[in-house]
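# Following is a predicted model, sequence given first.
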Amino acid sequence: MTKALYYGDNLEVLRESIADESIDLIYLDPPFNSNATYNVLFKSPTGSDAEAQIEAFEDTWHWGEQAERAFDEVLKSANTNAAELLRAMRSFLGESDMMAYLAMMAVRLLELHRVLKPTGSLYLHCDPTASHYLKLLLDGIFGAPNFRNEIVWRRSHPKGHAFTRFASNHDVILCHAKDITQTRWNAIYNPHDPETAAQQYSLTDENGRRYQLTSLLNPNPDRPNLTYEFKGVTKVWRWTRERMLEEDRKGRIVVPREGKGIPRYKRYLDEQEGIPVSDFWSDIGIAAGDERLGYPTQKPIALLERIISASSNANDLVLDPFCGCGTAVHAAEKLGRNWIGIDITCLAIGLIERRLKDAFPDIKFEVHGTPKALEDALDLAKRDKHQFQWWAVGLVDARPFAGKKKGADTGIDGIFYFSPDGKKTEKGIVSVKGGENIGVNAVRELHSVMEREKAPMGILIEIALPTRTMEKEAAAVGMYECEAGTFPRLQIITLAELFQGRKPKLPLGRQAAATFKAAAREERAKQEKLDL
C-alpha cells in the first residue's frame, strides 16, 4: 500500500522517489500565470485573499536560469520529438513567460511519462490560454496516436468579457495514454432523464417493458464478411449471421411495416446502464456548499471521482504532482485507491494532512520532506526562510500572512482567526523567529504589531528557550477574556515544545473552525463495476 505526501519540487521527487512504470493514473492541475490568484490556497473569513497569497511558482513565469536549464534538459533527453517541438516553440514564442512555463512543464511531463504504467493515463487540467501548447507537448512526449480526449469542463456560468467577446466559463482537461492499446478504461454513464427516456423508449412489450427499435446496419459499407441476406433483405449488417439468428430466436429482432421493412433491434430501457459520458462535462459544477473549504481554485471532488473511476481500479496508484489543496488525493482515498501527492510548499502539505484527517479519521499515510524533528526544522530554516515560516505557522493552526515577494517585512508571519462569542471574528498574529539568539525585542515587536493591527492575541514561535526577561515582557501584555476562558494575550512557544505536542493556549474550539474550514467526514465508496 502506498499513500504518501511529498514536500518538494516535483521534478526532484519524481526523479528520486518514483520508480519507472509504477503509477496507474496521473492527474495534474499545474498553476499558470493567466490567473494571478492561482496559488491562493484560502481566503480570510472576510473574503480577502491578499493576506494568504502564496506565490510559490513566481519564478516559473519569467524566462531565466531556471527556464533555460529546463529547456536544455529537454533538448538533451532521449525524446527527440519533444526536444524538436520545444525548440520550435521557442523560435516562435521567444524567451516569453509562456515559453518559460512550457519549458518547466516539458521537463516534468517527460518524468511523468517515465513513471506511468503501460496501462496508465495522464489527465492534464488547464485553461484555454495554454491548452493548445500543452496539447502539442503531450503529443510530442506521449505520441499523437496516444491522445484520447480533450475534455471541456463547464466549471461555472458564463462571466466576464461580455462587452468585448463571448464570456468564458470552461477549463480543458487533456487525456493521453501511455499505450492506447493497453489503456485501462471503465465506462462511465449518466442516468437517463426520465422524460427523455420515455420519449426515446416509447414502445412497450406485453410485459410493459419500454424499448426502442435501433438500426442493425453497419456504418462501414466495406465489410464483405458482414454482407448477406437476412429476412429477405441484403445489407451490410452490424453482426455476423450467427449473432443475428441468435438475437432473432430471442425475439429481439423486429421487421417493421408488416414484415416488409429493414429488420431492427429491440433495445430495452431497463438493460441500458445509462447515457455514456461524453467529452463535454456540464453536469459537474464548481466545489460548493459543505465541500467548499475556502481555496479559490479548489476543484470539485465529483470531477476527480469521474476521472479516477474511469481510468483506474481499486488499489491502483494515483499520482498528483501539483496537489495544491488535495482534491485528487481526497477522491483517490474515497474510491479505495492508493495515492501520492507532491507540492512545493509546506503549507499545501499541511493543509492536505488536515483535510485528509478530517475526512477520514482512521487514515494512515506517510509525509516526506517536512520537518519531523528539531534538527530538520533548523535545516529548513537555513535553506528557505519563507518555507520555514509557512511550515511553523501551520503548527499552531495559523495561516501564512504573505508570499515571499510582498515587499517590506510587516512583522507578521501568520494569522489565525477565532470567534470568542460565536459571532464576531477576531484576528491573532503569529511571529516566527528562526535565529538562536532572540531577545526581548522580539516580544516588544510582536506586541507593537498586535496594537497596530488591533489584534487581541499573538504567538511568538522561536527555536531557543525564552529568557526570563522575555517571559516577563510577554506576561505584561495582559490577559484576554472571553466565553471560552482567560488566555495570555502574548504567548511564547518553542519548536521543541511544538514537536512534543504542546499547543498555545487559545480558544481552540472556535479558533480552528474560524481559521480553517474542516472537510466533511467521508465514507469510502465502492466501485461496483469495473470494465477493463
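Noted; the coordinates are in hand.
# so where do the strands sit in the stretch 401-532 of the chain?
Assigned by DSSP state E, counting those that start in this stretch, the stretch 401-532 of the chain shows strands spanning 414-418, 426-433, 457-462, 479-482, 485-488, 490-494.
# Mean pLDDT, mean neighbour count and distance to Val367 added to those, as CSV?
Where you see a C-beta, it was placed from the backbone N, CA and C, and this is true even at glycine. What follows is these, written out as CSV (pLDDT from 0 to 100; neighbours: other Cβ atoms under 10 Å; distance: least, Cβ to Cβ, whole Å):
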stretch, mean pLDDT, mean neighbour count, distance to Val367
strand 414-418, 87, 24, 20
strand 426-433, 92, 24, 20
strand 457-462, 95, 25, 20
strand 479-482, 91, 15, 33
strand 485-488, 92, 14, 30
strand 490-494, 96, 21, 22
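# Dump these to JSON lines, plus distance to Ala106.
What follows is those, written out as JSON lines (distance: least, Cβ to Cβ, whole Å):
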{"stretch": "strand 414-418", "distance to Ala106": "36"}
{"stretch": "strand 426-433", "distance to Ala106": "36"}
{"stretch": "strand 457-462", "distance to Ala106": "40"}
{"stretch": "strand 479-482", "distance to Ala106": "53"}
{"stretch": "strand 485-488", "distance to Ala106": "52"}
{"stretch": "strand 490-494", "distance to Ala106": "44"}
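# Show me the one of those strands that comes nearest Gly120.
strand 414-418 (39.3 Å; Cβ to Cβ).
# The closest one versus strand 426-433: what angle between them?
Taking axes from the mean of the first three to the mean of the last three Cα atoms, to 10 degrees, one finds strand 414-418 and strand 426-433 inclined to each other by 150 degrees.
# And strand 414-418, what does it pack against?
helix 385-395, strand 399-400, strand 426-433, strand 457-462, helix 508-515 (3 or more Cβ pairs under 8 Å, 6 or more residues apart in numbering; DSSP states H and E).
# JSON lines please, covering these and showing distance to Leu75.
Below are the helices and strands packed on strand 414-418 laid out as JSON lines (distance: least, Cβ to Cβ, whole Å):
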{"stretch": "helix 385-395", "distance to Leu75": "31"}
{"stretch": "strand 399-400", "distance to Leu75": "37"}
{"stretch": "strand 426-433", "distance to Leu75": "41"}
{"stretch": "strand 457-462", "distance to Leu75": "45"}
{"stretch": "helix 508-515", "distance to Leu75": "46"}
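# circling back to that earlier point, between the strands of the stretch 401-532 of the chain, which one is nearest to Phe166?
Comparing the strands of the stretch 401-532 of the chain by Cβ to Cβ, strand 414-418 comes nearest, at 39.5 Å.
# Could you export the closest one as PDB, CA atoms only?
As requested, the backbone C-alpha atoms of strand 414-418 are provided in PDB (Å, rounded to 0.1, in the frame of the first residue of the first chain):
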ATOM      1  CA  GLY A 414       1.000  34.200  10.200                       C
ATOM      2  CA  ILE A 415      -2.600  34.900  11.100                       C
ATOM      3  CA  PHE A 416      -5.200  32.900  13.000                       C
ATOM      4  CA  TYR A 417      -8.900  33.700  13.400                       C
ATOM      5  CA  PHE A 418     -11.200  33.000  16.300                       C
END
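# Who does it pair with, and is each partner parallel or antiparallel?
Here strand 414-418 has these sheet partners by DSSP bridges: strand 399-400 (antiparallel), strand 426-433 (antiparallel).
# Switch these over to TSV; also include distance to Lys299.
Formatted as TSV, those follow (distance: least, Cβ to Cβ, whole Å):
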stretch	distance to Lys299
strand 399-400	21
strand 426-433	29
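# Of all those strands, which one is nearest Leu14?
So among these, strand 399-400 is nearest, using Cβ to Cβ, at 25.8 Å.
# Among the strands paired with strand 414-418, which comes closest to Lys250?
strand 399-400 (64.5 Å).
# Just the mean pLDDT for the closest one, thanks.
Mean pLDDT, strand 399-400: 82.
# now swap in stretch 182-194 and tell me
93.
# pull the helix or strand with minimum mean pLDDT from this protein.
Taking mean pLDDT, DSSP states H and E as the measure, the chain has helix 508-515 as its least confident helix or strand, at a mean of 49.
# measure Tyr480 to His170 for me?
48 Å (Cβ to Cβ, to the nearest Å).
# Nearest to Gln200, out of the helices and strands packed on strand 414-418?
Nearest of these (Cβ to Cβ): helix 508-515, 48.6 Å.
# Quick one: neighbours of Val107, just the number.
21 (other Cβ atoms under 10 Å).
# Tell me the helix or strand right after the longest strand along the chain.
Looking across the chain with DSSP state E, the single longest strand is strand 147-159. The element immediately downstream of strand 147-159 (helix or strand, assigned by DSSP states H and E) is strand 168-177.
# Now do the helix or strand just after that next one: everything it contacts.
Using DSSP H and E, the helix or strand that follows strand 168-177 towards the C-terminus is strand 189-190. Here strand 189-190 makes contact (Cβ atoms under 8 Å, 6 or more residues apart in numbering) with Glu273, Gly274, Ile275, Pro276, Val277, Asp283.
# likewise stretch 437-455?
410-412, 426-429, 431, 433, 456-458, 460, 462-464, 466-467, 469-470, 473-474, 477, 489-490, 492.
# Which of the strands paired with strand 414-418 sits closest to Ala100?
Relative to Ala100, the nearest member of the strands paired with strand 414-418 by Cβ to Cβ is strand 399-400, separated by 25.0 Å.
# which element follows the top helix by length along the chain toward the C-terminus?
Longest helix in the chain, counting residues (DSSP state H): helix 97-115. Sequence-wise, the next helix or strand downstream of helix 97-115 (DSSP H and E) is strand 116-126.
# what does that next one contact?
Here strand 116-126 has contacts from 21-30, 32, 112-113, 134, 138, 142, 148, 151, 171-179, 182-184, 299, 307, 311, using Cβ under 8 Å, 6+ apart.
# among those, which ones are buried?
23-30, 32, 112-113, 134, 138, 142, 148, 151, 171-178, 183-184, 299, 307, 311 (16 or more other Cβ atoms under 10 Å).
# Excluding chain neighbours, what is closest to Glu291?
Ile301 (6.2 Å; Cβ to Cβ, 6 or more residues apart in numbering).
# so which strand or helix has Ala381?
Using DSSP H and E, Ala381 sits within helix 374-383.
# List the buried residues of stretch 465-475.
Pro466, Met470, Glu473, Ala474.
# so of the contacts of strand 189-190, which ones are in strands?
Secondary structure assignment by DSSP E places Ile275, Pro276 of these in strands.
# Would you mind giving the contacts of strand 189-190 as CSV with neighbour count, distance to Arg210 and pLDDT added?
Putting the contacts of strand 189-190 into CSV (neighbours: other Cβ atoms under 10 Å; distance: Cβ to Cβ, whole Å; pLDDT from 0 to 100) gives the following:
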residue, neighbour count, distance to Arg210, pLDDT
Glu273, 12, 15, 88
Gly274, 12, 15, 89
Ile275, 13, 15, 89
Pro276, 10, 19, 91
Val277, 15, 22, 95
Asp283, 11, 23, 92
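# Quick check: the two most widely separated of the contacts of strand 189-190?
Farthest pair in the contacts of strand 189-190, by Cβ to Cβ: Glu273 and Asp283, 16.0 Å.
# okay, now the domains of the chain?
Listed by automatic domain parsing, the domain ranges of the chain are 3-188+277-368, 191-275, 374-515.
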